[in-house]
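# Quick check, what structure comes out for this input:
(2 chains)
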Amino acid sequence: MAEVSELRAGVPAPVPPMPLRPAVQPDEAAARRTLREQIARLESELGALFCSTFPRTGFDWAVPARGGPRVLSLAELAEIRDGLATRLYHNRKLLGDRTYVEELNRRRIEEMLLNPAEYKWVRIQNEDIGERGCKQWHVQPRFGILGMLMNWWRVRISSGCPLAMPAPAGLQIS
Amino acid sequence: MRAEPELDVGWIAEELREEFPELRLVTTTIDGSPGRSPIEVKQRLRVLSDRYTGQKAIALRQQPIPWAYRVFFRQVGIDPDEHRTPVEAYALERMRAGGFESRNVLDDALTIATVETGVPVIAFDDERLDGPLGLRLSWPGERLGGEGGRPLSSRQVVVADAERSVAVLFADFAEGHGIHPRSTRMRLAAVQVKGVPDVSVDEALWTIVETILGPAE
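Numbering: from 1, shown residues only, chains lettered A, B, ... in the order given. This next block holds a predicted model:
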């Protein structure tokens, strides 16, 4: 109660002098160690994501180099950590979007097989469902023009990639 | 028949050891020259090529040892997707060329050891080295290989002997310090980083010695 009455009376309380900088030096080695561990963990996650994306293309995996090999500064380590985290985030998002579209395409193939007339001329390739190879599902009319007129449609499934053929005579391959 | 090779652990400069406490350079010296590979070595390369599929190359970065070198590359400021780790470089070459091509017995031995263990090994002409090899940071104004070499940027990680830097780690050699056709004695150096077991490093060096000199007693 005495302290409160003193403050109310307008008597300023003694203020301890503020130190200009902390009494202890920050442990940069610990910060660097933590950043290196984070880089290792992110690299591991990025490696796993790289394997998950295969055989899809169009992903960017590069995180800019820092003119190594050399001992990097704290800021440079943080930049690499942030670069890896950003790359991981973008590629995960891109893979998520791709797999969503691939799943829709898989569902579409099933619907095409059930009711081809609803999907005239639609063609879905292996690449569209995130798989390797040249297989494709193509809705075509039976018996050509007649099938078109009679609305007889079917799904033709290709038998895979074309076989390697010898180059035509006279064609130069560099 | 010959005895098992002796492995020496190279020195690591204090500031580099503080940053990377698990970093090691393991070396061994052998008498031999990089002549043509015998038929057994060529056959071993072919078998290795057959075992090395595209799927294995893709999954490489998830394996513990190749991953450890990728992490180290990142930590020293190299992008491993731009400047490949040695084992990934061999894998890429295998995919491009359709197999591991035989060049000479030393290159073939380095290929076999690196692909089988994942540990990169470099070879120097022992007669051009002064004292034991180690790892340190480059000094201000230093040139690779001493006077006449290309200038090194500040605080680069270099492989050095007692006198001078002889190579930039995972990059280029100083002029005349690599193996040439007239070399008769080689110093092999394996770089070990955090996450790579000792046994893999030893195995990499033993594999090279065995490939060049034949099996031990």
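# Which secondary structure element of the chain has the lowest mean pLDDT?
Picking chain A for this. helix A:2-8 (a mean of 52; mean pLDDT, DSSP states H and E).
# The intended chain is chain B.
helix B:54-58 (a mean of 88).
# how about that one, does it reach chain A?
Yes: using CB under 8 Å from any CB of the partner chain, helix B:54-58 comes into contact with chain A via residue B:58. In this view, the C-beta of every residue, glycine as well, is placed from N, C-alpha and C.
# packing partners for that helix?
Judged by 3 or more CB pairs under 8 Å, 6 or more residues apart in numbering or on different chains; DSSP states H and E, the packing partners of helix B:54-58 are helix B:86-97.
# Check whether the helix it packs on comes near chain A.
No: shown here: helix B:86-97 not in contact with chain A (CB under 8 Å from any CB), separated by at least 11.1 Å.
# and that helix, which residues are buried?
B:86, B:87, B:88, B:90, B:91, B:94 (16 or more other CB atoms under 10 Å in any protein chain shown).
# Residues of chain B that sit close to chain A?
Residues of chain B lying near chain A (CB under 8 Å from any CB): B:15-16, B:18-19, B:58-59, B:61-62, B:67, B:70-71, B:73-79, B:81-83, B:137, B:153-157, B:168-171.
# looking only at pLDDT, what's the mean for the helix or strand following the least confident helix or strand of chain B?
Downstream of helix B:54-58, the first helix or strand assigned by DSSP states H and E is helix B:64-75. Averaging pLDDT along helix B:64-75 yields 96.
# likewise stretch B:125-139?
Here the average pLDDT along stretch B:125-139 is 94.
# end to end, how far does it reach?
Stretch B:125-139 has its terminal residues 23 Å apart, counting by CA to CA, to the nearest Å.
# Would you mind listing what in chain A touches chain B?
A:29, A:32, A:36, A:39-40, A:43-44, A:47-48, A:50-51, A:54, A:61-72, A:76-77, A:80, A:84.
# can you pull the contacts of the residue of chain B found nearest chain A?
Per CB to the nearest CB, residue B:77 is where chain B lies closest to chain A, at 3.0 Å. Residue B:77 makes contact with A:65, A:66, A:67, A:68, A:69, A:70, A:72, A:76, A:80, according to CB atoms under 8 Å, 6 or more residues apart in numbering or on different chains.
# Identify the residue spatially nearest to the residue nearest in space to the middle of chain B, adjacent ones excluded.
Residue closest to the average C-alpha location in chain B (CA atoms, centre = their mean): residue B:121, at 1.8 Å. Closest residue to residue B:121 apart from its sequence neighbours, by CB to CB, 6 or more residues apart in numbering or on different chains: residue B:190 at 4.7 Å.
# In which helix or strand does residue A:85 reside?
Assignment of secondary structure by DSSP H and E places residue A:85 within helix A:74-114.
# Just the buried ones from the residues of chain A next to chain B?
When these are checked for burial by 16+ other CB under 10 Å, the buried set is A:32, A:36, A:39-40, A:43-44, A:47, A:50, A:61, A:63, A:65-66, A:68-72, A:76-77, A:80, A:84.
# List the residues that contact residue B:41.
Residue B:41 makes contacts with B:102, B:105, B:108, B:109, B:112, B:211, as judged by CB under 8 Å, 6+ apart.
# Can you read off the backbone torsions of the last one?
Right, the one you point to is residue B:211. phi -70, psi -40 (degrees, to the nearest 10).
# for the closest residue to it other than its chain neighbours, what are its contacts?
Leaving out its chain neighbours, the residue that sits closest to residue B:211 by CB to CB, 6+ apart is residue B:109, at 3.7 Å. With contact set as CB under 8 Å, 6+ apart, residue B:109 has these partners: B:41, B:207, B:208, B:211, B:212.
# can you count the residues close to the fourth one?
A count of nearby residues for residue B:211, using other CB atoms under 10 Å in any protein chain shown, gives 23.
# Go ahead and confirm it touches residue B:114.
No: the criterion here is CB atoms under 8 Å, and residue B:211 misses it with residue B:114 at 11.7 Å.
# Give the residues shared as contacts by these two.
Joint contacts of residue B:211 and residue B:114 (CB under 8 Å, 6+ apart) do not exist.
# Could I get the pLDDT score of residue B:2?
Looking at residue B:2, the pLDDT reads 67.
# what's the answer for residue A:54, then?
According to the prediction, residue A:54 has pLDDT 89.
# Kindly indicate whether residue B:35 is helix, strand or coil.
Using DSSP: H, G, I helix; E, B strand; the rest coil, the structure places residue B:35 in coil.
# any low-confidence regions in the chain?
Because you didn't say which chain, this covers chain A. A:1-13, A:15-25, A:166-174 (pLDDT under 70).
# Chain B is the one I meant
Within chain B, the segments meeting pLDDT under 70 span B:1-2, B:216-217.
# hey, where'd the strands end up in it?
Here chain B has its strands, by DSSP state E, at B:8-9, B:11-12, B:24-31, B:121-125, B:134-137, B:157-160, B:165-168, B:185-192.
# Can you pull out the residues in contact with the third one?
Pointing back at strand B:24-31 there. For strand B:24-31, using CB under 8 Å, 6+ apart, the contacting residues are B:5-12, B:126, B:132-135, B:159, B:184-192, B:201-202, B:205, B:209, B:212-213.
# can you rerun that using 6 Å?
B:5, B:7-10, B:126, B:133, B:135, B:185-192, B:201, B:205, B:209 (CB atoms under 6 Å, 6 or more residues apart in numbering or on different chains).
# Correct me if wrong: the residue nearest to the centre of chain B contacts residue B:204.
Yes: using CB atoms under 6 Å, residue B:121 makes contact with residue B:204 at a distance of 5.4 Å.
# who touches both of the two?
Common neighbours of residue B:121 and residue B:204 are listed as B:113, B:190 (criterion: CB under 6 Å, 6+ apart).
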